[in-house]
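Colleague: The sequence and its predicted three-dimensional model are supplied below.
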Amino acid sequence: MKENTPIVELSNVSKIYNKEVWALKKIDLKLYRGECVSLLGSNGSGKTTLLRIIANNLKNTTGTINYNFEEENILKAISIQKREQAWPNGFKVKDINDLWIRIYEMADLEWINKLKDVFGVNEIEEKYLSKLSIVKLQVYAIFLSFISKPELVLIDELSSDIDFKYEEKITNFFKEYLAAGNTIILNHPSYYFLENLTDRVVYLNDGEIFDDLSIKEVKKEYKSVMEYTKSIFKEELIVEKKLKNKSKFFSTMNTKTEAYCNNLQTIIEELENQENYNEKVLNRLKEVYFSILDLKTSIDNLSISYINKTSIKIISKKIKTTIKIINKLTINYRYKKYHKLLNTIEKFLTKELKRTFANDKVIVNGDVLSITMSESEKKQLEKLKEKYIKEEQKNIRRKILKQQFKKQNEVKLKTAVNQTSANEEIHDEI
Ligand SMILES: Nc1ncnc2c1ncn2[C@@H]1O[C@H](COP(=O)(O)OP(=O)(O)OP(=O)(O)O)[C@@H](O)[C@H]1O
């Protein structure tokens, strides 16, 4: 933390989706100039929600957010790299570059050229966005988020699959950007970025801040970030004795999904190099690839965090979605070459879904972990909800009283002023 006034300050910020999912619970957080903060936490712990709320992209249900930017236009001062970029067909990279430069009225060409070099945009300028690989799209989205020279950059996905030559370049660029007094928040970055860039880690658990430590503190207490995440994983684990089994189980899922991603990427690249490829098939294959990559990321996250009901639900939902996407492709298009691979993936996922996530239970190497809520858990949740509502009511009452008090004071003040001027008038008449 290089300066004492926070660039953003969140007080008592909560987010409840659709009046039922309590995604963020009373978050108090200060972000400072020049620091790089990494958000950690299992799937569904609220990282993306927090980023979107800070970015002013999503409305918080309760609480306040104060910004302290030098730039008056908040849209220029904060920038968020979005996770999924749905670009319309027919746009080349250079078209979007021009559009962004115009939107932000960015006349500093030296800056744009520097960004293009760091993020490898020169090499893809003539390409259509719909033909870029997922990783390239992610990096491109980060490039776009820097165009306006924002004081606060929120990065939702910094893939661990980034080309090595860019990894180092991007890290050095980030370091320079931070040294100039800007702030960067990363959502669950890879170990490379955690070890080489991060000043502070904020660990979210079920919508609450579980830990907020500087890297110095992490290293002093745990020796390395890796040891820290491992240790927190142990602390959080609901069924501690299942720890060893869990990592074994996830390692199979992990290896398989990784291999499938690689196979698909090769096929996609081969297709892209052919002259007359079917664009619809290519896009569908990319969809499958993206879905498996997303699944793999969730499994990666789960293996350094802990099993809870939400994370398991998310994974089983992602498996189901992937199967659906594969079916869509295999039913509509029959191409021998990748049909076999897609069938293998589908079989594997269907088997995992049945074997592991059957009947609201997760089976880890033959042991059953119940993921249905017990009666006592349900009661606890009800109590929590009640407590939350009461606290909110108290806050509202406090606000109303404050307003009433302010109004009464204003009335008193007005009466006193009127009285004085009446007295003065009487005095004048005399
Ligand atoms: N639009 C939405 N509507 C309803 N619930 C949502 C919505 N977006 C997120 N949630 C829920 O809010 C909780 C927090 O989700 P969020 O995406 O912020 O977590 P996360 O830590 O970023 O997870 P991941 O790493 O999987 O993206 C989860 O329970 C999620 O299911």
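Modeller: Right, received. Where do you want to start?
Colleague: Could you tell me which residues of this protein lie near the ligand?
Modeller: Taking CB under 6 Å from any ligand atom as the contact definition, the chain meets the ligand at 17-18, 21, 23, 41, 43-49, 298, 301, 310, 314. To be clear about C-beta, it is placed using only N, CA and C from the backbone, and glycine gets the same treatment.
Colleague: Can I get the buried part of the residues you listed as one ChimeraX selection?
Modeller: Selection command for ChimeraX covering only the buried members of the residues of the chain next to the ligand, criterion 16 or more other CB atoms under 10 Å:
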select :23,41,43,44,45,46,47,48,49,298,301,310,314
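Colleague: who touches Leu349 in this structure?
Modeller: 319, 322-323, 326 (CB atoms under 8 Å, 6 or more residues apart in numbering).
Colleague: Show me the residues you listed that map onto helices.
Modeller: With DSSP state H as the criterion, helices contain 319, 322-323, 326 from among the contacts of Leu349.
Colleague: any idea how far His188 lies from Lys47?
Modeller: The gap separating His188 from Lys47 is 6 Å, by CB to CB, to the nearest Å.
Colleague: got any residues that touch both of those two?
Modeller: Between them, His188 and Lys47 have 39-41 as joint contacts when contacts are counted by CB under 8 Å, 6+ apart.
Colleague: Check what pLDDT the residue in the stretch 51-200 of the chain positioned nearest to the ligand gets.
Modeller: Of all residues in the stretch 51-200 of the chain, His188 sits closest to the ligand, at 6.2 Å by CB to the nearest ligand atom. Residue-level confidence at His188 comes out at 85, pLDDT.
Colleague: My guess is it contacts Ser42. True?
Modeller: No. Applying CB atoms under 8 Å as the test, His188 and Ser42 come out as separate, 9.5 Å apart.
Colleague: coming back round to it: what about the residue of the stretch 51-200 of the chain closest to the ligand, how many residues close to it?
Modeller: Counted by other CB atoms under 10 Å, the residues lying close to His188 total 25.
Colleague: Tell me how far it lies from Leu99.
Modeller: 29 Å.
Colleague: Would it be right to say that Leu10 lies in a helix?
Modeller: No. Assessed by DSSP: H, G, I helix; E, B strand; the rest coil, Leu10 does not belong to a helix; its assignment is strand.
Colleague: so where's the protein uncertain?
Modeller: The model of the chain has pLDDT under 70 over residues 1-3, 82-86, 88, 159-161, 164, 233-251, 301-311, 332-336, 355-404, 420-430.
Colleague: what ranges do the strands span in it?
Modeller: When secondary structure is read from DSSP state E, the chain shows strands at 6-17, 21-32, 36-40, 62-67, 78-81, 152-155, 183-187, 200-205, 208-214, 361-364, 367-370.
Colleague: Paired strands for the fifth one, with orientation please.
Modeller: I take that to be strand 78-81. Strand 78-81 sits in its sheet next to strand 152-155 (parallel), going by DSSP bridges.
Colleague: So what touches the strand it pairs with?
Modeller: Where contact means CB under 8 Å, 6+ apart, the residues beyond strand 152-155 that reach it are 7-8, 31, 51, 54-55, 69, 77-81, 142, 145-146, 177, 182-187, 189.
Colleague: quick check, distance from it to the centre of its chain.
Modeller: Put simply, strand 152-155 sits 11 Å off its chain's centre (CA atoms, centre = their mean, to the nearest Å).
Colleague: just stretch 283-294 next, same as before
Modeller: Between the centre of stretch 283-294 and the centre of its host chain there is 19 Å, according to CA atoms, centre = their mean.
Colleague: from now on call the first residue 346
Modeller: Renumbered: residue one is now 346, and that last one reads stretch 628-639.
Colleague: buried sites along it?
Modeller: Buried residues in stretch 628-639, counting neighbours by 16+ other CB under 10 Å, are found at 629-639.
Colleague: With stretch 554-572 instead?
Modeller: Using 16+ other CB under 10 Å as the test for burial, stretch 554-572 gives 554, 556, 558, 560, 563, 567, 570.
Colleague: Just the closest of these to the ligand, please.
Modeller: When these are compared for distance to the ligand, the smallest value, 12.5 Å, is given by Ile554; criterion: CB to the nearest ligand atom.
Colleague: For the residue of the stretch 396-545 of the chain closest to the ligand, what are phi and psi?
Modeller: With angles defined as degrees, to the nearest 10, His533 shows backbone torsions of phi 40, psi 60.
Colleague: show me what contacts the nearest residue to Gly435 once chain neighbours are set aside?
Modeller: Closest residue in space to Gly435, ignoring its immediate chain neighbours: Tyr473 at 7.1 Å, by CB to CB, 6 or more residues apart in numbering. With CB under 8 Å, 6+ apart as the criterion, the residues that contact Tyr473 are 434-438.
Colleague: Fine by me, we can end here.
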